[in-house]
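*Asks:* Below: sequence and its predicted model.
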Amino acid sequence: MEDVKLIAKKRDLEGTSNVRRMRKDGLLPAVIYGAEKDPVSVEINTHDFEQILHHSASESIIVDVALDGEGTISTLVKDVQHHPVSSDLMHVDLLRIAANKPIAVEIPVVLIGESAGVKAGGLIDHVMHSIDVECLPGDMVESFEIDVSELEIGDSLNVSDLKLSSKFKLLVDEESIVASVAAPRVEEELEEEEAEGAEGEGGAEPEVITEKKAEDAE
């Protein structure tokens, strides 16, 4: 994976008003923690971090942070907080990592090829868009690919079908479904509507007719 670099500056001022002022100036509050060291509150350029996210397939990104007074720190983006309404970036957690220690990361799963079942009119269902694995920082990849071209209608592929290298330790059930091909929904919906229509016709009661007969009898 390509090296990602970021410049950070320690921040001493806490509190809502200071953080609000920081965001107004285009800066994003963040914290660097882990490796049995005290957490360090920092500020980073919001635009620079947005660009990092934009060019990455997931938020599990290794970032080399240049921090004043500490040199370059290898970190993993652990948590990104967004505003619930505007989706603006609010805060970032950066975990210190070491090259020789495994880390838990979330890797996107990309489907390649055109399913035979889709060509026959079926619908592909991408069930699992990413999987959790453990690996060394240097072994991280942008994504895992899985070929769906052999899938017929009714078939599915599991996590075990990814055929991962021994460099990766799965942190999810290998029998979990990654993708499947279902029959066209239109046919299923038509069958359900026809069945509901048949039930409606069979269960109708001639209440109006009964009442009319009773009135005639009077």
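*Replies:* Structure's in. What do you need?
*Asks:* Residue 9 and residue 43 touch, don't they?
*Replies:* Yes: at 5.4 Å, residue 9 counts as touching residue 43 under the criterion of CB atoms under 8 Å. C-beta here means a position set from N, CA and C on the backbone, and glycine is covered the same way.
*Asks:* These two: which is more packed in?
*Replies:* Higher neighbour count among residue 9 and residue 43: residue 43, with 20 against 13, using other CB atoms under 10 Å.
*Asks:* From residue 24, how far off is that one?
*Replies:* As defined by CB to CB, to the nearest Å, residue 43 lies at a distance of 12 Å from residue 24.
*Asks:* Show me whatever sits in contact with both of these two.
*Replies:* Here residue 43 and residue 24 share no contacting residue, scored by CB atoms under 8 Å, 6 or more residues apart in numbering.
*Asks:* ok, longest strand in this protein?
*Replies:* The single longest strand within the chain, with elements called by DSSP state E, is strand 71-82.
*Asks:* which outside residues touch it?
*Replies:* Strand 71-82 has contacts (CB under 8 Å, 6+ apart) with 32, 53, 59-67, 88-99, 103, 105, 137.
*Asks:* Whichever of those residues end up buried, select them in PyMOL.
*Replies:* Applying 16 or more other CB atoms under 10 Å to these leaves a buried subset, and the PyMOL line that selects it is:
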select buried, resi 32+59+60+61+62+63+65+67+89+92+93+94+95+96+97+103+105+137
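*Asks:* Nothing else from me, thank you.
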